[in-house]
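Student: Need a 3D model of the following:
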Amino acid sequence: MTPLGEDKEQTDTGAPEQSVRQQLAPTQPDYGSADHEALAAEREAAVVIAPDAAPPTRARTGRRPDVRGGRRHARVLAFKVLYEADVARHSPGVVLDRLMQAEPIDPKVAEYARELIGGILRQRAELDATIQERAPAWPLGQMAAVDRTILRLGLYESRYGRAMVPMKVAINEAIELAKMYGGDSSPRFVNGVLGRLGEDRSTAK
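Tutor: Modelled structure (predicted):
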């Protein structure tokens, strides 16, 4: 696989992302609450899936993370494909082709995104089982689709395949995705679940 450069903190530049044109407006779960059924019902009633099932972009003021190059751009691309496949059951290959036609994408970015997408789809059952062990209070079906997609991505990138990036980097990048696309509680939730997985990994060594 062709390297995409170092994973490091990105500076915020540019205007709000324009590639996500149609947004969802789901009620994100409050992970501090135990009333799972009520939250799930409220979320189902609030979600309206756009035709392309684009992930919701959180309204922000000021600047946004730079996702124009390197692995972060590949992660965002993979996240969008996996999210739409999860929510709307669209073919990942068709979704990826559509997104790549909508904007120019560096071949190295596309290559890494394909590797992430393919690996996560192949390992999804095992990824979900591992996530569920570390978040037993929140069955995957009751998690926000954004959050479970980000957790699969961060876990796969750090622990499966070739262990593509260090666990700390994977957690930080997952948190950035949660800030961009998740609800107010998403960054804390993602950090907590992946952080526990990182602790388990350290203990096992």
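Student: Helix or strand with the lowest mean pLDDT in the chain?
Tutor: Every helix and strand of the chain was ranked by mean pLDDT, DSSP states H and E. The lowest is helix 36-46, at a mean of 41.
Student: Which SSE is immediately downstream of it?
Tutor: Tracing the chain C-terminally past helix 36-46 and defining elements by DSSP states H and E, one meets helix 70-88 next.
Student: Next, the buried residues of the helix or strand harbouring residue 173.
Tutor: Per DSSP H and E: residue 173 is located in helix 167-181. Buried residues in helix 167-181, counting neighbours by 16 or more other CB atoms under 10 Å, are found at 167, 169-181. Where C-beta positions appear, they are placed from N, C-alpha and C, glycine not excepted.
Student: Between helix 70-88 and that helix, find me the angle.
Tutor: 60 degrees (axes from the mean of the first three to the mean of the last three CA atoms, to 10 degrees).
Student: returning to that earlier point: may I see the buried residues of helix 167-181 organised as TSV, with pLDDT added?
Tutor: Formatted as TSV, those follow (pLDDT from 0 to 100):
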residue	pLDDT
167	87
169	90
170	91
171	93
172	95
173	95
174	96
175	96
176	96
177	97
178	97
179	96
180	96
181	97
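Student: and of these, the nearest to residue 104?
Tutor: residue 180 (20.5 Å; CB to CB).
Student: so how far is residue 169 from that closest one?
Tutor: Residue 180 is 17 Å from residue 169, where distance means CB to CB, to the nearest Å.
Student: Spit out the contact partners of residue 187.
Tutor: Neighbouring residues of residue 187 by CB atoms under 8 Å, 6 or more residues apart in numbering: 175, 178, 179.
Student: same question but for residue 74, I mixed them up
Tutor: With contacts defined as CB under 8 Å, 6+ apart, residue 74 is in contact with 4, 109, 110, 112, 113, 116.
Student: Now for the third one, how many residues are close by?
Tutor: Translated: residue 110. Using other CB atoms under 10 Å, residue 110 has 16 neighbouring residues.
Student: pretty sure it contacts residue 101?
Tutor: No. At 11.6 Å, residue 110 does not count as touching residue 101 under the criterion of CB atoms under 8 Å.
Student: rewinding a little: could I have the CA atoms of the helix holding residue 173 written out in CSV?
Tutor: What follows is helix 167-181, C-alpha atoms only, in CSV (Å, rounded to 0.1, in the frame of the first residue of the first chain):
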residue,chain,number,x,y,z
MET,A,167,-4.0,3.2,19.0
LYS,A,168,-3.5,6.7,20.3
VAL,A,169,-3.7,8.2,16.8
ALA,A,170,-6.7,6.0,15.9
ILE,A,171,-8.5,7.3,19.0
ASN,A,172,-7.7,10.9,18.3
GLU,A,173,-8.8,10.6,14.7
ALA,A,174,-12.0,8.9,15.7
ILE,A,175,-12.7,11.7,18.2
GLU,A,176,-12.2,14.3,15.3
LEU,A,177,-14.8,12.4,13.2
ALA,A,178,-17.2,12.4,16.2
LYS,A,179,-16.7,16.2,16.6
MET,A,180,-17.4,16.7,12.9
TYR,A,181,-20.4,14.4,12.4
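Student: Sweet, I'm off.
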